[in-house]
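S.K.: Let me see the structure of the following:
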Amino acid sequence: MKNNRRDFLKISSLAGLGLAGGSVMNGFASESEHSNPMNSMYGHSTVQTFNMSGYAAPKIPIVRVGFIGLGQRGPSHLNAVAKIEGTEIKALCDLRPESVNKAKKALEGTSHNPVIYTGNEDEWKKLCERKDIDLIYICTPWHLHVPMALFAMEQGKHVAIEVPAAVSMQECWALVETSERTRKHCMMLENCCYDFFELLTLNMARQGYFGEIIHTEGAYIHNLINLNFSDKGYQDMWRLRQNATREGSLYPTHGLGPVCQVLNINRGDKMDYLVSVSSNDFQMGERAKAEAAKNDLYKEFVGKDFKGNMNTTTIRTTHGKTIMIQHDVTSPRPYSRIHLVSGTKGTALKYPTPRISNSHEGWVKEDEFKALEEKYTPNIVKKVGELAKKVGGHGGMDFLMDWRLIDCLRNGLPLDQDVYDAAAWSAVWPLSEWSVNNRSNSVDVPDFTRGSWKKNQPHDIDLKKGGDTKVKI
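M.R.: Numbering: from 1, shown residues only. Purely as a prediction, here's the structure:
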């Protein structure tokens, strides 16, 4: 009955839901695809052309880097890469001259002297076309990620894309197919996978501390309402515009990425289907009215059909594990990514304070927690963790991620996050959007690996190879 119901939903949605909600795509994907993301599962090859999971590209002893987008996230990566030996920062690009000039000034006194591209919307293409660049960081507004990444890979560049990697199902597939065809890495810069407690619990899961993992939870609960309504925050308030036009779990990967790694998603298991539900909007519409009463700049947002404040998405994996992901960027709640790992033998929970349990009697005491930390901290943290904290970037996880990416490229190693992770984790947004718009019906999560998840191996966090890239602070 379960399979028959899901088959019926596929057939009925293909036949009759082509008009539902198409206008909210705002140009990011086709109307029919938004209405029914399952459409995007058809028309793509069911056979993988090349497996990028575990793929080791040729070594690049000196990684030559270009940056596109130097607003909110780009400068953090620029600061990190500038301190990693075996790199050359060759080019910087931002539409705004003041942003790119500020970034270049930050490199004064270093060995890096990049060329600047700015002032024109197509300048980024010139950066991608350079022959002396191996890796391009893409830190632009979300809807630009995939067009830039595809062009860069076609020009022979590896790409590292800020989160989310893609905003539609069609874009997810485009990343996968282009990465496979060009054999260029496409990594989503999911920094939360490199936070210290997340890496600790990942290693504990790998070592069997939690037993069989049953359930995990993640979230992005972050009060951004002031920043989103600020004309000095995101350029042209692009993130507010996303919240005004898109539904579902708009920013799932911070909570989702780390627990997917715990569950070996795309490497032994895969996401099977999801259901999603959103509250009404009780805050953004009222805020728009209040801002418009003081400033005409906000009048365009009055009367907008702002989407729900809280979204909850539940995912079931092929092997019967469950994942709960929440998204809320408006409520006055303390910041939380939850990060719950629940198994047959133990549990971990990060927020509000990191805790671990191995019994029904509650959380372990401080001395036992420290002993577990000492025993299970993976080698990547032991080697680079203190350096990462000194450099900074969300407490060091940004630097740890950037260092690991460069070290893998220099040593010709597979990346910790591949294009299938970028696609699957990002796909939760448009899939959840479809579910919310269709009374929380279930929707299948496509297998971007086309079956290779059954044999793909978990990524290395113990630095069995590599780890020799030096840092200069």
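S.K.: elements contacting the helix or strand hosting residue 398?
M.R.: Residue 398 belongs to helix 397-411 when assigned by DSSP states H and E. Applying 3 or more C-beta pairs under 8 Å, 6 or more residues apart in numbering; DSSP states H and E, one finds that helix 397-411 makes contact with strand 63-68, helix 74-82, helix 379-391. For glycine as for every other residue, the C-beta is placed from the backbone atoms N, C-alpha and C.
S.K.: Extract the CA atoms of stretch 250-268 and return them as CSV.
M.R.: Extracted C-alpha coordinates of stretch 250-268, given in CSV (Å, rounded to 0.1, in the frame of the first residue of the first chain):
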residue,chain,number,x,y,z
LEU,A,250,15.1,27.5,2.5
TYR,A,251,18.4,26.9,4.2
PRO,A,252,18.6,23.2,5.3
THR,A,253,22.2,22.3,4.9
HIS,A,254,23.8,23.6,8.1
GLY,A,255,21.7,21.2,10.2
LEU,A,256,21.4,18.5,7.5
GLY,A,257,25.0,18.1,6.3
PRO,A,258,26.6,16.9,9.6
VAL,A,259,23.8,14.4,10.3
CYS,A,260,23.9,13.1,6.7
GLN,A,261,27.6,12.4,7.3
VAL,A,262,26.8,10.6,10.5
LEU,A,263,24.2,8.4,8.7
ASN,A,264,26.6,7.8,5.7
ILE,A,265,24.1,9.3,3.3
ASN,A,266,25.3,8.7,-0.3
ARG,A,267,27.9,6.3,1.2
GLY,A,268,25.9,3.3,2.3
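S.K.: what's the average pLDDT for that stretch?
M.R.: When pLDDT is averaged along stretch 250-268, the result is 98.
S.K.: now swap in stretch 230-247 and tell me
M.R.: 93.
S.K.: And the helices in the stretch 1-150 of the chain?
M.R.: 2-16, 31-35, 74-82, 97-106, 123-129, 145-154 (DSSP state H, counting those that start in this stretch).
S.K.: mean pLDDT for those: which is lowest?
M.R.: Looking at the helices of the stretch 1-150 of the chain, the bottom one is helix 2-16 with a mean of 37.
S.K.: Spit out the contact partners of residue 351.
M.R.: 334-339 (C-beta atoms under 8 Å, 6 or more residues apart in numbering).
S.K.: Now the residues you listed in TSV, please, with extra columns for secondary structure.
M.R.: Formatted as TSV, the contacts of residue 351 follow (DSSP: H, G, I helix; E, B strand; the rest coil):
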residue	secondary structure
334	coil
335	coil
336	strand
337	coil
338	coil
339	coil
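S.K.: Buried by neighbour count, from these: which ones?
M.R.: By the neighbour-count criterion of 16 or more other C-beta atoms under 10 Å, the contacts of residue 351 include these buried positions: 336-339.
S.K.: Highest mean neighbour count out of the helices and strands packed on helix 397-411?
M.R.: strand 63-68 (a mean of 25; mean count of other C-beta atoms under 10 Å).
S.K.: for that strand, packing partners?
M.R.: Counting by 3+ C-beta pairs under 8 Å, 6+ apart, strand 63-68 packs on helix 74-82, strand 87-94, helix 123-129, strand 135-138, helix 397-411.
S.K.: and that strand, C-alpha only, in CSV?
M.R.: This file holds the C-alpha atoms of strand 63-68, laid out as CSV (Å, rounded to 0.1, in the frame of the first residue of the first chain):
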residue,chain,number,x,y,z
VAL,A,63,46.5,25.6,-5.8
ARG,A,64,45.8,28.7,-7.8
VAL,A,65,42.5,30.3,-6.5
GLY,A,66,40.0,32.8,-7.7
PHE,A,67,37.1,34.3,-5.7
ILE,A,68,33.7,35.4,-7.0
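S.K.: how far out from the middle of the chain is it?
M.R.: Distance of strand 63-68 from the chain centroid (C-alpha atoms, centre = their mean, to the nearest Å) equals 20 Å.
S.K.: what do you get for stretch 385-402?
M.R.: Distance, stretch centre to chain centre, for stretch 385-402: 18 Å (C-alpha atoms, centre = their mean).
S.K.: what about that stretch, start to end distance?
M.R.: Stretch 385-402 stretches 12 Å from its first residue to its last (C-alpha to C-alpha, to the nearest Å).
S.K.: again with stretch 81-95
M.R.: 21 Å.
S.K.: For residue 269, give me its contacts.
M.R.: Counting by C-beta under 8 Å, 6+ apart, residue 269 has contacts 263, 317-319, 321, 453.
S.K.: Could you point out which of those is nearest to residue 108?
M.R.: Distance to residue 108, by C-beta to C-beta, is smallest for residue 263 among those, at 44.8 Å.
S.K.: Check the spacing between the closest one and residue 392 real quick.
M.R.: As judged by C-beta to C-beta, to the nearest Å, residue 263 and residue 392 stand 30 Å apart.
S.K.: between these two, who's got more neighbours?
M.R.: residue 263 (24 against 14; other C-beta atoms under 10 Å).
S.K.: thought residue 45 was touching residue 451?
M.R.: No - using C-beta atoms under 8 Å, residue 45 is not in contact with residue 451, being 11.6 Å away.
S.K.: okay, these two: which has more neighbours?
M.R.: For the pair residue 45 and residue 451, the greater number of neighbours falls to residue 451 (13 against 10), based on other C-beta under 10 Å.
S.K.: and the gap between that one and residue 318?
M.R.: 11 Å.
S.K.: before we move on, what about residue 448?
M.R.: Residue 448 is 14 Å from residue 318, by C-beta to C-beta.
S.K.: So between these two, which is more surrounded?
M.R.: Set residue 448 next to residue 318 and count neighbours by other C-beta under 10 Å: residue 448 wins out with 28 against 16.
S.K.: Just the closest of the buried ones among the contacts of residue 351 to residue 99, please.
M.R.: Using C-beta to C-beta, the buried ones among the contacts of residue 351 come closest to residue 99 at residue 337, 28.1 Å.
S.K.: What is the least confident helix or strand in the chain?
M.R.: helix 2-16 (a mean of 37; mean pLDDT, DSSP states H and E).
S.K.: quick one on the thing from earlier: show me how far the helix holding residue 398 is from its chain's centre.
M.R.: 16 Å.
S.K.: Please tell me how far the following helix or strand past it is from the chain's geometric centre.
M.R.: Helices and strands here follow DSSP H and E; after helix 397-411, the next one along the chain is helix 419-437. Here helix 419-437 is found 11 Å from its chain centre; the criterion is C-alpha atoms, centre = their mean.
S.K.: residues near the spatially closest residue to residue 363 that is not a sequence neighbour, how many?
M.R.: Leaving out its chain neighbours, the residue that sits closest to residue 363 by C-beta to C-beta, 6 or more residues apart in numbering is residue 355, at 4.3 Å. When neighbours are counted by other C-beta under 10 Å, residue 355 registers 15.
S.K.: Could you do residue 349 as well?
M.R.: Counted with other C-beta under 10 Å, residues neighbouring residue 349 total 19.
S.K.: Was I right to think it contacts residue 338?
M.R.: Yes - using C-beta under 8 Å, residue 349 is in contact with residue 338, at 7.4 Å.
S.K.: now the helices and strands packed on strand 63-68 in CSV, with distance to residue 440?
M.R.: Shown next, in CSV, are the helices and strands packed on strand 63-68 (distance: least, C-beta to C-beta, whole Å):
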stretch, distance to residue 440
helix 74-82, 36
strand 87-94, 40
helix 123-129, 39
strand 135-138, 33
helix 397-411, 33
